[in-house]
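Novice: I would like the atomic coordinates for the input below:
(2 chains)
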Amino acid sequence: DSGVTQTPKHLITATGQRVTLRCSPRSGDLSVYWYQQSLDQGLQFLIQYYNGEERAKGNILERFSAQQFPDLHSELNLSSLELGDSALYFCASSGGDSLNEQFFGPGTRLTVL
Amino acid sequence: GENVEQHPSTLSVQEGDSAVIKCTYSDSASNYFPWYKQELGKRPQLIIDIRSNVGEKKDQRIAVTLNKTAKHFSLHITETQPEDSAVYFCAASTGYSTLTFGKGTMLLVSP
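Specialist: So this is what the prediction gives:
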């Protein structure tokens, strides 16, 4: 157990819908990262937050957004969902910058039908 | 931005053999290189990492080597066991940026 929690574990929804994925980092970690992992794909970095502020942006679509709250938990919002958005979404946390180990949560498996 | 290439995409070995996975990176400013192991349906877990001031690092059956001049680093697993079967990802970071991952290597260890 990495100490990073994600909810829900599974999510099934329809095209055009909007969903919210939730992540709680390890106690004391200030950075939260979101990754998308599609079938046969590697880990695609989406976005990073550090202590409530957006720190870095990767290949995140405009339909996706995220935020980190004062208690450091983070939410990833996915809207106007398409079939191609079906994937595993991982959250990771670290104590500081990316030179520190990133601890991954168990992931949320999103299926868009 | 950083680009990380990883080879091979699949690797099959017999139990007890060694396995080597290689990665190259493009940004000469990268100075942190972790390796993650991901079992089917599970989260990626860090197995070893190396920083640019070190050429090699070992942890029991696992070792990582780094050649900064050539901009490549490798994962070596000796005396492979069936439980080593998983997908392995390399990554690189400059420290001021996030991790860029390779596409992964599926390692299959046959008993």
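
Novice: List the pairing partners of the lowest-mean-pLDDT helix or strand in chain B within its sheet, with orientation.
Specialist: Counting by mean pLDDT, DSSP states H and E, the weakest-scoring helix or strand in chain B turns out to be strand B:100-101, with a mean of 92. When sheet partners are counted by DSSP bridges, strand B:100-101 sits next to strand B:86-92 (antiparallel).

Novice: Now do the phi/psi pair for A:G84.
Specialist: The phi/psi pair for A:G84 (degrees, to the nearest 10) reads phi -70, psi -10.

Novice: ok, how many other residues are close to it?
Specialist: Neighbours of A:G84 under the rule other CB atoms under 10 Å in any protein chain shown: 10. Just so you know, the C-beta spots here come from the backbone N, C-alpha and C atoms, and that holds for glycine as well.

Novice: gap between it and A:T15?
Specialist: A:G84 is 10 Å from A:T15, where distance means CB to CB, to the nearest Å.

Novice: before we move on, the earlier item: just checking the distance from the least confident helix or strand of chain B to the centre of its chain.
Specialist: Mean-position distance between strand B:100-101 and its chain equals 11 Å (CA atoms, centre = their mean, to the nearest Å).

Novice: which parts of chain B sit against chain A?
Specialist: By CB under 8 Å from any CB of the partner chain, the part of chain B that sits against chain A consists of B:31-32, B:34, B:36, B:42-46, B:49, B:51, B:89, B:93, B:95-104.

Novice: Quick one, which of those are buried?
Specialist: B:31-32, B:34, B:36, B:43-44, B:49, B:89, B:93, B:97-104 (16 or more other CB atoms under 10 Å in any protein chain shown).

Novice: B:I50: what secondary structure?
Specialist: Using DSSP: H, G, I helix; E, B strand; the rest coil, the secondary structure recorded for B:I50 is strand.

Novice: wouldn't it be in contact with B:N67 here?
Specialist: No: here B:I50 lies out of contact with B:N67, judged by CB atoms under 8 Å, at a distance of 11.0 Å.

Novice: Overlap in contacts, these two.
Specialist: Residues touching both B:I50 and B:N67 by CB atoms under 8 Å, 6 or more residues apart in numbering or on different chains: B:F73.

Novice: OK, contacts around B:F33?
Specialist: B:F33 sits next to B:23, B:25, B:49-52, B:64, B:66, B:73, B:90-93 when contact means CB under 8 Å, 6+ apart.

Novice: Any chance of TSV for those residues, columns pLDDT?
Specialist: Rendered in TSV, the data for the contacts of B:F33 read as follows (pLDDT from 0 to 100):
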residue	pLDDT
B:C23	98
B:Y25	96
B:D49	93
B:I50	93
B:R51	89
B:S52	82
B:V64	97
B:L66	95
B:F73	97
B:C90	97
B:A91	95
B:A92	93
B:S93	89
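
Novice: from the residues you listed, which single one is nearest chain A?
Specialist: Of all these, the one sitting nearest chain A is B:S93; the distance, using CB to the nearest CB, is 4.4 Å.

Novice: rewinding a little: next secondary structure after the least confident helix or strand of chain B?
Specialist: Scanning the chain past strand B:100-101 towards its C-terminal end, the next helix or strand to appear is strand B:105-110 (assignment: DSSP states H and E).
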